[in-house]
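>>> Need a 3D model of the sequence below.
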Amino acid sequence: MSWYQQTWWTDLVLPAVVCAGVAWFGLLRHFHGRGRLLGSRRSAALACTVLVLMCAVAVGTGQLLPHLAALPPAAAGFATGAAAIPRKKQDETTQPYVKFMTLGVAWLMERLEYRLRTDGLTWCDRLLEDVRESAQLRLFAHGVKHYLLERHQQNAVAKTVNAAYDATERAIDVALDVQTRTDEACRTRWPAPGRPTEHESFECRRTLEEARAHCAHLLLLAYQLGRRSEHPELEALRDKVVSDDAYRSGAVPVQRRWFTRRGTRR
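Numbering: from 1, shown residues only. The predicted structure follows:
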């Protein structure tokens, strides 16, 4: 008997392999435009955990199918009736009974979606770390906008990009206005020009951080819709707006494959 005709292959390995391939394709389709499944160690670990759990469910289901004939009819009727009971709709979260029925897969999917967004926001914050002035922020946001519109010409994507850019521009205008008024107040203080007050410094920092947050939201679209190979182009956009002696590519978290890192260390 050949190895592919063995019981362990047909009953265990083959169902797990088929389930893993289909599940991975489903994860790619489900999280397309939301983040990168292998963007960090935690997201990769969650994605692999989902695959392992789904494979275990598939193998277990295959092993239990021959025993379903012995299931009491009353149990089948109870399960069917429970599935037909109306339930209150819950937005943005998975209902508890769904988490239980899917053996934790739904809960892991929620955690994976949260981790993908967290990875994207962390990446954006690190990329903006060296952009500390409103003028630099305006130039960088303008470059990211054109970068996205040139590569994604769908109407829905263009509308989202333009809306995020407009919000960034308004926030930068507010930050520049507060900074200008603060500088003018410091110059006109009597009897001599002085330093900004604590409240004025707080307002300047607050409006600048709000502008950075809006720019990060615009940059998040580039992270979610882009690829790893586009990182050098985004770094070049960042480097054009910061000073020459600024810390350059190190502010961006490196997301290279493991064999690339090993080659670099050598």
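>>> which SSE is the spatially most central residue of the chain in?
The residue lying closest to the centre of the chain (C-alpha atoms, centre = their mean) is Arg117, at 2.8 Å. According to DSSP states H and E, Arg117 maps onto helix 105-127.
>>> Tell me which stretches of the stretch 151-266 of the chain form helices.
Using DSSP state H, counting those that start in this stretch, the helices of the stretch 151-266 of the chain run over residues 155-187, 198-225, 231-241, 258-265.
>>> How about the stretch 1-150 of the chain?
Remark: helices assigned in the stretch 1-150 of the chain by DSSP H, counting those that start in this stretch are 7-8, 14-30, 41-64, 73-84, 96-101, 105-127, 134-151.
>>> Save these as TSV, and put in mean pLDDT and distance to Val174 too.
Quick note: C-beta positions are derived from backbone N, CA and C, even for glycine. What follows is these, written out as TSV (pLDDT from 0 to 100; distance: least, C-beta to C-beta, whole Å):
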stretch	mean pLDDT	distance to Val174
helix 7-8	63	66
helix 14-30	84	37
helix 41-64	83	34
helix 73-84	54	52
helix 96-101	49	42
helix 105-127	88	20
helix 134-151	91	10
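>>> wait, which of those helices is closest to Ala213?
Closest approach to Ala213 among these is made by helix 105-127 (9.3 Å; C-beta to C-beta).
>>> buried stuff in the closest one?
Counting neighbours by 16 or more other C-beta atoms under 10 Å, one finds that the buried residues in helix 105-127 are 105-106, 108-109, 111-113, 115-117, 119-121, 123-124, 127.
>>> who are the neighbours in contact with Ala216?
Neighbouring residues of Ala216 by C-beta atoms under 8 Å, 6 or more residues apart in numbering: Leu121, Cys124, Asp125, Leu128.
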